[in-house]
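Visitor: 3D, please:
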Amino acid sequence: MKELNNKVAVITGAGSGIGRALAKKLAQKGCRLALSDVNEKGLQETVAECGNAEVKTYVLDVADRDAIYAHAEEVAKQFGQVNLIINNAGVALSASVREMADDDFKWIMDIDFWGVAHGTRAFLPHLIASGDGHVVNISSVFGLIGVPKQSAYNAAKFAVRGFTEALRQEMKLENQPVAVSCVHPGGIKTNIAQAARMGKSENAAAQRQGFDKLAMTTPDKAADIIIKGILRNESRILVGVDAWGIDALNRVLGAAYQPLVARFSRKSLYN
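Guide: Below is the predicted model:
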């Protein structure tokens with residue numbers, strides 16, 4: 001995909017944050033947009049930032065498999081084609097393995113992993129049929145390293161990474177006209193931490209304040225990096241200086257990164 005003008009782009013979680021910024025930037029590049037979120041008010045605010053672009057909105061819970069498949073058929077019928085799916089919708093959970101509630105574990109996996117997997121599989125036939133398709137799945141730097149009290153989020157984001165990297169190889173081996181990218185954002189200034197669920201013994205206010213201090217990249221900057229990565233057909237798109245640092249840490253040290261993360265976590269999470 002060398003250019004984006006007149007391409008049909010589908011974005012989940014488009015009611016705020018990175019999803020909204022991507023919608024705005026893709027609209028500027030001439031994309032026709034199919035935007036979804038569980039938050040209808042947020043979607044309408046996003047539409048207001050998309051100028052004169054062709055935009056259709058859908059209230060969609062990505063944890064609902066049947067709804068995702070129905071959504072893919074509806075978008076393809078309404079737009080006539082689908083070129084780009086960005087599985088962006090996501091939530092956060094901070095809790096230790098020992099204290100994590102089963103319902104919370106299921107909640108985050110249903111959205112952060114299954115939402116991505118079902119979104120990819122539902123739209124893949126339409127992307128292939130377009131002759132010029134691209135799958136973009138949002139993982140995280142927590143899809144690169146394990147972090148205490150993020151086991152559920154790690155599980156989902158590592159799963160997204162493995163699923164996406166395997167899909168990229170399959171598309172190449174099958175000579176399908178679909179590129180595949182996995183995105184690993186670092187700290188982005190969004191409301192994901194404010195909306196996160198917490199374990200019963202977590203200091204929610206302190207954790208959210210700590211995340212806000214570490215969030216180094218704006219959603220607009222993140223969107224610019226992701227779109228550039230799409231146009232370059234990058235397999236792994238790192239968003240933010242912190243993402244590059246964490247990726248390098250993992251590559252250089254391998255499993256030996258863990259004592260460093262434990263030392264940092266002891267000061268920030270276990271005081």
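Visitor: got the buried residues for stretch 26-38?
Guide: L26, A27, C31, R32, L33, A34, L35, S36, D37, V38 (16 or more other CB atoms under 10 Å). C-betas here are computed from N, CA, C, even on glycine.
Visitor: which helices and strands does the top strand by length along the chain pack with?
Guide: Ranked by number of residues, the top strand in the chain under DSSP state E is strand 178-185. Counting contacts by 3 or more CB pairs under 8 Å, 6 or more residues apart in numbering; DSSP states H and E, strand 178-185 is packed against helix 115-130, strand 133-138, helix 151-173, helix 219-231, strand 236-239, helix 241-253.
Visitor: quick one, which of these is nearest to V55?
Guide: helix 219-231 (15.8 Å; CB to CB).
Visitor: Quick one: list the elements packing against the helix or strand just after the longest strand of the chain.
Guide: Going down the chain from strand 178-185, the next helix or strand is strand 197-198, by DSSP states H and E. Counting contacts by 3+ CB pairs under 8 Å, 6+ apart, strand 197-198 is packed against strand 93-94, helix 102-108.
Visitor: ranking these by burial, who's on top?
Guide: Highest mean neighbour count among these (mean count of other CB atoms under 10 Å): strand 93-94, with a mean of 24.
Visitor: so where's this protein shaky on pLDDT?
Guide: Per-residue confidence for the chain (pLDDT under 70) gives these ranges: 204-213, 267-268, 270-271.
Visitor: make it 90
Guide: Scanning the chain with the threshold set as pLDDT under 90 gives 1-2, 189-216, 255, 257, 259-271.
Visitor: what about the residue nearest the centre of it, distance to P177?
Guide: Nearest to the geometric centre of the chain sits I138, at 2.6 Å (CA atoms, centre = their mean). Note on I138: its distance to P177, by CB to CB, to the nearest Å, is 22 Å.
Visitor: D110 too?
Guide: For D110 relative to P177 (CB to CB), the value is 30 Å.
Visitor: These two: which is more packed in?
Guide: Between D110 and P177, counted using other CB atoms under 10 Å, the more crowded position is D110 (18 against 14).
Visitor: Need the three-state assignment for the closest residue in space to that one that isn't next to it in sequence.
Guide: Once flanking residues are discounted, D110 sits nearest to A63: 3.9 Å by CB to CB, 6 or more residues apart in numbering. Taking DSSP: H, G, I helix; E, B strand; the rest coil as the rule, one finds A63 in the coil state.
Visitor: what's around C50, how many residues?
Guide: The burial count for C50: 20, using other CB under 10 Å.
Visitor: Now do the contacts for the closest residue to it other than its chain neighbours.
Guide: Ranked by CB to CB, 6+ apart and with sequence neighbours excluded, the top spatial neighbour of C50 is A27, at 4.0 Å. By CB atoms under 8 Å, 6 or more residues apart in numbering, the contact set of A27 is L33, E49, C50, G51, A53, V55.
Visitor: mind running it again at 6 Å?
Guide: A27 is in contact with C50, G51, A53, counting by CB atoms under 6 Å, 6 or more residues apart in numbering.
Visitor: What separation is there between it and A117?
Guide: A27 sits 27 Å away from A117, going by CB to CB.
Visitor: what do you get for K2?
Guide: Taking CB to CB, one finds K2 at 28 Å from A117.
Visitor: So for those two, which sits in the more crowded spot?
Guide: More crowded of K2 and A117, by other CB under 10 Å: A117, with 19 against 7.
Visitor: My guess is A215 contacts G186. True?
Guide: No: using CB atoms under 6 Å, A215 is not in contact with G186, being 8.3 Å away.
Visitor: Specify which residue of those two has the higher count of neighbours.
Guide: G186 (23 against 18).
Visitor: so who does the more buried one touch?
Guide: For G186, the contact set (CB under 6 Å, 6+ apart) comprises V141, G240, D242, A243.
Visitor: which two from those residues end up farthest apart in space?
Guide: V141 and G240 (8.1 Å).
Visitor: For E74, which three-state class applies?
Guide: E74 ends up helix, using three-state DSSP.
Visitor: Please name the bridge partners of the closest residue to it other than its chain neighbours.
Guide: In this structure, E74 finds its nearest non-sequential neighbour in Y58, 7.4 Å apart by CB to CB, 6+ apart. Beta-bridge partners recorded for Y58 (DSSP bridges): S36.
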